[in-house]
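# what's the 3D shape of this:
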Amino acid sequence: MNNPSIEILCKTEKQTVQFATSLGELLRPGDVIALNGTLGAGKTRFVRAVAASLGIDEATVSSPTYMIVQSYPARLPLHHFDLYRIQDEEELYESGCDEFLESEGVCFIEWASRFPAFLPDDYLEIAFEITGKDIRQLTLTAFGPEHERLIQSCRSSFF
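Numbers count the residues shown, from 1 in each chain. Here you go, the predicted model:
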């Protein structure tokens, strides 16, 4: 299976925020975005910028590490997951997180690679790689036809 992907080099935090804001404008109800990268790679900062593009006060958005998921009402509700501290799949499903994947909002899942079976068949993965002080290499990979739309929109918008 060939999953389309693109790489975006953000040379400053401002560029990363600009890209996140632009991506937020492309999102539709039901979109699932899996975020992977090391601690400090910018995953939560990225979600804050997307949240702002949806009309959410980005100051209210924090990493939901201890709550597992936080939801923010907006024109397109945002559900922000953090799977870093989840011990096993049983704990993940007992938390009820899977119900958010069926919602009319968008889901951003930090540390998604810890539980790949949790992800739906159709989602967009963004892998964050730190390549300098504020430089981030973002690799976007579409899994499924609906999120291929996001890859195509990003190609059109940013290249």
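
# can you pull out the helices in this structure?
The residue ranges that make up the helices of the chain, judged by DSSP state H, are 13-26, 43-53, 89-94, 97-100, 145-158.

# Give me the buried positions along the first one.
Buried residues in helix 13-26, counting neighbours by 16 or more other C-beta atoms under 10 Å, are found at Gln15, Thr16, Val17, Phe19, Ala20, Thr21, Ser22, Leu23, Gly24. The way it works is simple: take the backbone N, C-alpha and C, and place the C-beta from them, glycine included.

# same deal with the shortest one?
By neighbour count on 16+ other C-beta under 10 Å, the buried set for helix 97-100 is Cys97, Phe100.

# next one: phi and psi at Trp111?
Note on Trp111: its backbone torsions stand at phi 60, psi 30 [degrees, to the nearest 10].

# mind listing what it touches?
Taking C-beta atoms under 8 Å, 6 or more residues apart in numbering, we find Trp111 in contact with Leu35, Asn36, Asp82, Leu83, Tyr84.

# related to what we said a few turns ago, looking at the helices of the chain, which is nearest to Cys107?
When those are ranked by proximity to Cys107, the top entry is helix 97-100, at 5.7 Å, counting by C-beta to C-beta.

# The closest residue to Thr131 other than its chain neighbours: what's it in contact with?
What sits nearest to Thr131 in space, not counting adjacent residues and going by C-beta to C-beta, 6 or more residues apart in numbering, is Gln137, at 5.1 Å. Gln137 makes contact with Glu7, Ile8, Leu9, Cys10, Phe128, Glu129, Thr131 under the criterion C-beta under 8 Å, 6+ apart.

# Now tabulate the residues you listed in JSON lines and tack on distance to Ala117, neighbour count and pLDDT.
Converted to JSON lines, those look like this (distance: C-beta to C-beta, whole Å; neighbours: other C-beta atoms under 10 Å; pLDDT from 0 to 100):
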{"residue": "Glu7", "distance to Ala117": "26", "neighbour count": "11", "pLDDT": "93"}
{"residue": "Ile8", "distance to Ala117": "28", "neighbour count": "17", "pLDDT": "93"}
{"residue": "Leu9", "distance to Ala117": "31", "neighbour count": "13", "pLDDT": "93"}
{"residue": "Cys10", "distance to Ala117": "30", "neighbour count": "21", "pLDDT": "93"}
{"residue": "Phe128", "distance to Ala117": "22", "neighbour count": "21", "pLDDT": "97"}
{"residue": "Glu129", "distance to Ala117": "24", "neighbour count": "15", "pLDDT": "96"}
{"residue": "Thr131", "distance to Ala117": "30", "neighbour count": "11", "pLDDT": "94"}
